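A.B. asks: coords below, sequence missing:
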């Protein structure tokens, strides 16, 4: 799975996307800010629930790959038997 994850990189992206001049200069930042605005009810609680999400993943899967970086969680696992 690849999921958004609150990393320092993502915090910088959030900060930049809240700046009018950055949004005006970059369609990607504008699209990101628009997404976070309309998906805020699910997006921000998901980011805040990192510990409980990892706990659930670790309880149910054997981790093959688990990397956090650049605002994402990359996880590959096998179901626990």
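C.D. replies: Perfect, I can see it now. This structure is a prediction, so every number in the text was calculated from the model and none was measured.
A.B. asks: how about the helix or strand containing residue 55: buried residues?
C.D. replies: If you go by DSSP states H and E, residue 55 is part of helix 50-60. For helix 50-60, a neighbour-count test (16 or more other CB atoms under 10 Å) marks 50, 53-54, 57 as buried. Any C-beta I mention is one placed from the backbone N, CA and C, and that applies to glycine too.
A.B. asks: where does the prediction get shaky in this structure?
C.D. replies: For the chain, no stretch is flagged by pLDDT under 70.
A.B. asks: where along it do the helices fall?
C.D. replies: 8-17, 20-25, 27-38, 40-48, 50-60 (DSSP state H).
A.B. asks: and the buried residues of helix 50-60 as TSV, adding distance to residue 79?
C.D. replies: As requested, the buried residues of helix 50-60 are exported to TSV (distance: CB to CB, whole Å):
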residue	distance to residue 79
50	22
53	17
54	16
57	11
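A.B. asks: any chance of the helices of the chain in a markdown table, plus distance to residue 74?
C.D. replies: Below are these laid out as a markdown table (distance: least, CB to CB, whole Å):
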| stretch | distance to residue 74 |
| --- | --- |
| helix 8-17 | 13 |
| helix 20-25 | 26 |
| helix 27-38 | 19 |
| helix 40-48 | 16 |
| helix 50-60 | 12 |
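A.B. asks: and of those helices, who's closest to residue 1?
C.D. replies: Closest to residue 1 of the helices of the chain, according to CB to CB: helix 50-60, at 8.3 Å.
A.B. asks: quick one: contacts for residue 60?
C.D. replies: 79-80 (CB atoms under 8 Å, 6 or more residues apart in numbering).
A.B. asks: so it versus residue 77, what's the distance?
C.D. replies: 8 Å (CB to CB, to the nearest Å).
A.B. asks: then residue 16?
C.D. replies: 32 Å.
A.B. asks: ok, now residue 70?
C.D. replies: Distance from residue 70 to residue 77, by CB to CB: 20 Å.
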